[in-house]
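1. Sequence and predicted structure below; questions after.
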Amino acid sequence: NAIDQVQGTGKNLTGEVKTFEVAKKNGYYYLADETRGNGINTVDAKHVNYILFSLLSQLFGVTGLEIREKSPTFTDPTAVDAHVNAETVYDYYKKTFGLNSYDGKGAKIISSVHVGKEWNNAAWNGKQMIYGDGDGETFRPFSGALDVIAHELTHAVTEKTANLDYQGESGALNESMSDIMGAMVDRDDWEIGEDIYVQGEKAQGLRSLKDPASIPNPLNPKEGYPDHYSKRYTGEEDNGGVHINSSINNKAAYLISEGGTHYGVTTQGIGREETEQIYYRALTKYLTATSNFSAMRQAAIQAARDLYGKDSKEVKAVEDAYQAVGVQ
Ligand SMILES: Cc1cccc(C(=O)O)c1OC(=O)C1CC1
Ligand SMILES: [Zn+2]
């Protein structure tokens, strides 16, 4: 037919040659994968100012210019990473939870790269994923990190399910679900954004689920991110610290999976496979828009009971982990 689905290749931001699904139409090749759900499309925002871009995207559905090549070799590494990483996140949700795209109905996944000028940001804007190129000092292009793309797409999953209000404790849980799934998709570590956050030679993550306090808290740099409820941020910035207090729940998820002794409380870890099922079930079956940290603990306990039994080691791990981070 007029549009063929073929294999494309191209170097990503770390110079690795990647292969991915592209569309061939009228002799040109496009970053359009029609094999997953209703499609995964990666387009170029051509450095349009990010505020103007967000208006165009949300009001008029403008997403950017099609990225096209005369051969199946793609030459924009930022776009290659956005496309390949979106495919990887799609496959994770399908394989792990049987979820077909972020809405369960195969919703088309659109990513716009090169939004803004050296924009240090990435976001799910309610309709699509948008990525800045970073300023090269603090951040490299945001599409280069699989955990970032999983984080952004999980915002879309959350919006279609619990739809946790993006402020205060529910907002911190919204952020934490994105960090937890980000760490589960990018399975080799418990850091978020380590592939894009340029901090001298030691590329530290933006946030760490393993040891939140090891990374300076941007709202209180002489402290690390909070790893106990008593250390939560209670100010107004960042919608009440949604990117800060998320670390309290992130630490609980880490303890459930990997185990450990935290503030004198010991948790026996149950592993990533069971932990991701507990959080996905809590997010999609029990959490609501106004759930707070206490409701999160209850939801995770109930999800573990459903999946593994009332007196299971999995339920015990959830109870111990939330006790360790001071959430009742
Ligand atoms: C860099 C950034 C700024 C503002 C919002 C988000 C957001 O998506 O919450 C954001 O992206 C992340 O946190 C991703 C995980 C690195
Ligand atoms: Zn986020």
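-> Happy to help now that I have it. Residues are numbered from 1 along each chain as shown. Ligands and ions are numbered 1, 2, ... in the order given.
2. going forward, measure contacts between C-alpha atoms and count neighbours the same way
-> Fine.
3. for the stretch 1-150 of the chain, what spans make up the helices?
-> Using DSSP state H, counting those that start in this stretch, the helices of the stretch 1-150 of the chain run over 50-60, 77-97, 146-160.
4. quick one, which of those helices is packed in tightest?
-> Highest mean neighbour count of the helices of the stretch 1-150 of the chain: helix 146-160, a mean of 25 (counted as mean count of other C-alpha atoms under 10 Å).
5. by contact count, what packs against the helix or strand following that helix?
-> Following helix 146-160 in sequence order, the next helix or strand is helix 168-185 (DSSP states H and E). The contact analysis (3 or more C-alpha pairs under 8 Å, 6 or more residues apart in numbering; DSSP states H and E) places helix 168-185 against helix 146-160, strand 191-192, helix 237-241, helix 246-258, helix 272-281, helix 293-308.
6. closest to ligand 1 out of the helices of the stretch 1-150 of the chain?
-> helix 146-160 (4.4 Å; C-alpha to the nearest ligand atom).
7. what about that closest one, near ligand 1?
-> Yes - contact of helix 146-160 with ligand 1 (C-alpha under 6 Å from any ligand atom) involves 148, 151, 152.
8. partner residues bridging the nearest residue to the last one once chain neighbours are set aside?
-> Using C-alpha to C-alpha, 6 or more residues apart in numbering and skipping residues adjacent in sequence, the residue nearest residue 152 is residue 124, 5.4 Å away. Assessed by DSSP bridges, residue 124 has beta-bridge partners residue 129.
9. Kindly report the same for residue 7.
-> residue 21.
10. Would you check how far apart it and residue 213 are?
-> Distance of residue 7 to residue 213, computed by C-alpha to C-alpha, to the nearest Å: 43 Å.
11. Get me the contact residues on this structure for ligand 1.
-> Going by C-alpha under 6 Å from any ligand atom, the residues of the chain near ligand 1 are 121, 122, 123, 148, 151, 152, 192, 193.
12. Any stretches of this protein with poor pLDDT?
-> 1, 199-203 (pLDDT under 70).
13. try 90
-> Within the chain, the segments meeting pLDDT under 90 span 1-3, 54-55, 58, 61-62, 126, 137-140, 144, 194-205, 220-221.
14. Can you give the domain ranges for it?
-> 7-144, 168-324 (automatic domain parsing).
15. Select, out of those domains, the one closest to residue 160.
-> In terms of C-alpha to C-alpha, the element of these nearest to residue 160 is domain 7-144, at 6.1 Å.
16. how deep is residue 45 tucked in, by neighbour count?
-> 24 (other C-alpha atoms under 10 Å).
17. actually residue 187, sorry about that
-> 13.
18. picking that back up, out of the residues of helix 146-160 next to ligand 1, which is nearest to residue 267?
-> Closest to residue 267, out of all of the residues of helix 146-160 next to ligand 1 and judged by C-alpha to C-alpha, is residue 151, at 25.8 Å.
19. in terms of contact, does that closest one touch residue 184 like I think?
-> No - applying C-alpha atoms under 8 Å as the test, residue 151 and residue 184 come out as separate, 10.0 Å apart.
20. anything in contact with each of those two?
-> Residues touching both residue 151 and residue 184 by C-alpha atoms under 8 Å, 6 or more residues apart in numbering: none at all.
21. doesn't residue 156 make contact with the residue nearest to residue 152?
-> Yes - the criterion here is C-alpha under 8 Å, and residue 124 meets it with residue 156 at 6.8 Å.
22. just to revisit the earlier point, tell me who's in contact with the residue nearest to residue 152.
-> Residue 124 touches 130, 152, 153, 155, 156, counting by C-alpha under 8 Å, 6+ apart.
23. looking at it, the third one is touching residue 102, isn't it?
-> Meaning residue 153. Yes - counting by C-alpha under 8 Å, residue 102 is a contact partner of residue 153 at 6.9 Å.
24. Surely residue 261 is in contact with residue 252?
-> No - under the criterion of C-alpha under 8 Å, residue 261 makes no contact with residue 252, lying 11.3 Å away.
25. Brilliant, that's me finished.
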